[in-house]
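**Q** here's my sequence, what's the structure:
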Amino acid sequence: MLSSELNVDLHSHSTVSDGVLAPAQLAERAKANGVDVWAMTDHDEVRGIPEARAAAHDLDMLYVPGVEVSITWAGKTIHIVGLNIDEKNSDLVDGLAQTRSGRERRARDMAAELASRAGIQNSYEGALKYVGNPDLISRSHFARYLVEIGVCASVSEVFRHYLSDGKPGYVPHRWATLTEAVGWIRGAGGVAVVAHPGRYDLSPLAFDAFFTEFKNLGGLAIETVTGSHSVDQYDEYTKVAAHYGFLSSRGSDFHSPQDAEVDIGRLPTLPKMARPVWEQWSLT
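**A** All right, here's what the predicted structure looks like:
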């Protein structure tokens, strides 16, 4: 059983998806920031796990293999983190490949929308400069390019004005289903966790339906302390976790030193009433 005093960060991204640090560099930053237990959770991709695991081992840091799966639920994009997975599980690997397959077409459509509706030319080529893995070109890569050319001052500003639902560069994508994502994670021996629930624009009734379905499918936890949550939301979602019988996870959702809301390993501890998702883990 892991000590509750450990610095645990179970949500971060590398160049294998939309982060800016390679897995080994991300491990080094986590260690430098005092992380004891670390998960790299790239979007819909597990190919970076061997490098991350080796780097964590070399740095004497406990490593949790993870992934963040994109799903569509009630027309909304939601992310489900899988922790302690077997990244070689064939159903998981095949499912993630299927989920990634539409990203390139979506990226070209986003560029066309930005050109026609906002007058921003060549954004696809610009975004590619920031892509470590072409299979995983995403809105974050477009956002970094738009900051580079001076359209906005920050990545978060780009998302607000150009890349969120209803804005000029937003193009919806059909991701995995909740049933598929939780099934892949559990089939790979992992724990399914709802990522940053405070970010989703769902009514209380819809949230109840979502959390109930997630629990019935075998989902075990939600992120309560995460980079995009406010201090008030730490307590709010800890109470939500208690209401549904979920465990609580903690993760910075770190992508880049330049646009991090919270640096990796620099989150506050879980509220006292929270039950950590890692409480029964035995890691080596």
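
**Q** what segments of the stretch 1-150 of the chain are strands?
**A** Secondary structure of the stretch 1-150 of the chain (DSSP state E, counting those that start in this stretch): strands at 8-9, 37-40, 62-73, 76-83.

**Q** make a markdown table out of these and add mean pLDDT, distance to residue 26 and mean neighbour count.
**A** Bear in mind the C-beta positions are built from the backbone N, C-alpha and C, glycine included. Below are those laid out as a markdown table (pLDDT from 0 to 100; distance: least, CB to CB, whole Å; neighbours: other CB atoms under 10 Å):
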| stretch | mean pLDDT | distance to residue 26 | mean neighbour count |
| --- | --- | --- | --- |
| strand 8-9 | 98 | 10 | 28 |
| strand 37-40 | 98 | 6 | 28 |
| strand 62-73 | 97 | 11 | 22 |
| strand 76-83 | 96 | 16 | 22 |
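
**Q** for this protein, which helix is longest?
**A** Across the chain, the longest stretch assigned as helix under DSSP state H is helix 103-118.

**Q** contact partners for residue 153?
**A** Residue 153 sits next to residue 147 when contact means CB atoms under 8 Å, 6 or more residues apart in numbering.

**Q** which strand or helix spans it?
**A** Residue 153 is part of no helix or strand when elements are defined by DSSP states H and E.

**Q** in JSON lines: the strands of the stretch 1-150 of the chain, plus distance to residue 200.
**A** JSON lines is the format used below for those (distance: least, CB to CB, whole Å):
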{"stretch": "strand 8-9", "distance to residue 200": "22"}
{"stretch": "strand 37-40", "distance to residue 200": "21"}
{"stretch": "strand 62-73", "distance to residue 200": "9"}
{"stretch": "strand 76-83", "distance to residue 200": "6"}
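
**Q** out of these, flag the one nearest residue 185.
**A** strand 76-83 (3.6 Å; CB to CB).

**Q** partners of the closest one, with directions?
**A** Next to strand 76-83 in the sheet, as set by DSSP bridges, lie strand 62-73 (antiparallel), strand 191-194 (antiparallel).

**Q** ok so, going back, residue 268 is nearest to which of the strands of the stretch 1-150 of the chain?
**A** Closest among those, using CB to CB: strand 8-9, at 11.9 Å.

**Q** quick one: list the elements packing against the closest one.
**A** strand 37-40, strand 247-251 (3 or more CB pairs under 8 Å, 6 or more residues apart in numbering; DSSP states H and E).

**Q** what about 6 Å?
**A** Applying 3 or more CB pairs under 6 Å, 6 or more residues apart in numbering; DSSP states H and E, we find strand 8-9 packed against no helix or strand.

**Q** return the distance of it from the chain's centre.
**A** Chain-centre distance of strand 8-9: 14 Å, with CA atoms, centre = their mean, to the nearest Å.

**Q** what residues are bridge-paired with the spatially most central residue of the chain?
**A** Geometric centre of the chain, nearest residue: residue 68, 4.9 Å, by CA atoms, centre = their mean. On the basis of DSSP bridges, residue 68 is bridged to residue 43, residue 81.

**Q** in contact with it, which residues?
**A** When contacts are counted by CB atoms under 6 Å, 6 or more residues apart in numbering, residue 68 touches 41, 43, 79, 81.

**Q** closest one of the residues you listed to residue 146?
**A** residue 43 (19.4 Å).

**Q** how close does the closest one sit to residue 18?
**A** Applying CB to CB, to the nearest Å, the value for residue 43 to residue 18 is 6 Å.

**Q** neighbours of residue 203, just the number please.
**A** Neighbour count for residue 203, taken as other CB atoms under 10 Å: 9.

**Q** excluding its backbone neighbours, what's nearest residue 218?
**A** residue 186 (5.2 Å; CB to CB, 6 or more residues apart in numbering).

**Q** and that neighbour, helix, strand or coil?
**A** On the three-state scheme (DSSP: H, G, I helix; E, B strand; the rest coil), residue 186 is labelled helix.

**Q** got a pLDDT number for it?
**A** pLDDT, residue 186: 98.

**Q** next one: residue 174
**A** The predicted local confidence for residue 174 is 77.

**Q** low pLDDT regions in the stretch 51-200 of the chain?
**A** Nowhere does the stretch 51-200 of the chain drop to pLDDT under 70.
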